[in-house]
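Chemist: let's see this in three dimensions:
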Amino acid sequence: MRQKTIDRIRRFTEDRDWDQFHSPANIAKSIVIEAAELLECFQWSEDEYDLQHVKEELADVLVYCQNMLDKLGLDADEIVNMKMSRNEAKYPVEKAKGKADKYDQLGKS
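Modeler: A predicted model of the protein is given here:
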């Protein structure tokens, strides 16, 4: 996310004095709630959905994720790259390519 966008999210929260409500647990709950609302966009059809509604719900998830990063003093690039390194080790291309198997089931079928 661009710094300008991150700053806008932070300013929105600061201007409303909402940080007092942003405990890690509350933010985690909000991420799950917004993710459920995103999933609801596809409840009855995987092919027919309102793209604008999807964008709005996805944006809500991203905003709360940025709030969580701020609350915990984390860097998005750092934690995503850490997780990607772990995923690359768990799902090597030669075993996982074209398969939806969980890492502990790769190569068993």
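Chemist: domain parsing of this structure, as residue ranges.
Modeler: 1-74, 75-109 (automatic domain parsing).
Chemist: tell me which of these sits most buried.
Modeler: domain 1-74 (a mean of 13; mean count of other CB atoms under 10 Å). Just so you know, the C-beta spots here come from the backbone N, C-alpha and C atoms, and that holds for glycine as well.
Chemist: straight-line length of it, end to end?
Modeler: Taking CA to CA, to the nearest Å, the first and last residues of domain 1-74 lie 14 Å apart.
Chemist: what helices and strands are in contact with the longest helix anywhere in the chain?
Modeler: Ranked by number of residues, the top helix in the chain under DSSP state H is helix 51-72. In this structure, helix 51-72 packs against helix 3-15, helix 24-40, helix 76-90, with contacts taken as 3 or more CB pairs under 8 Å, 6 or more residues apart in numbering; DSSP states H and E.
Chemist: who's in contact with that helix?
Modeler: Residues from elsewhere that reach helix 51-72 (CB atoms under 8 Å, 6 or more residues apart in numbering): 1, 6, 9-10, 13, 19, 22-24, 27-28, 30-31, 34-35, 37-38, 40-41, 74-76, 79.
Chemist: that older thread, out of the domains of the chain, which gets the lowest mean score?
Modeler: Among the domains of the chain, domain 75-109 carries the lowest mean pLDDT, a mean of 92.
Chemist: quick one: distance of it to the chain centre.
Modeler: For domain 75-109, the distance between its averaged C-alpha position and the chain's averaged C-alpha position is 17 Å (CA atoms, centre = their mean, to the nearest Å).
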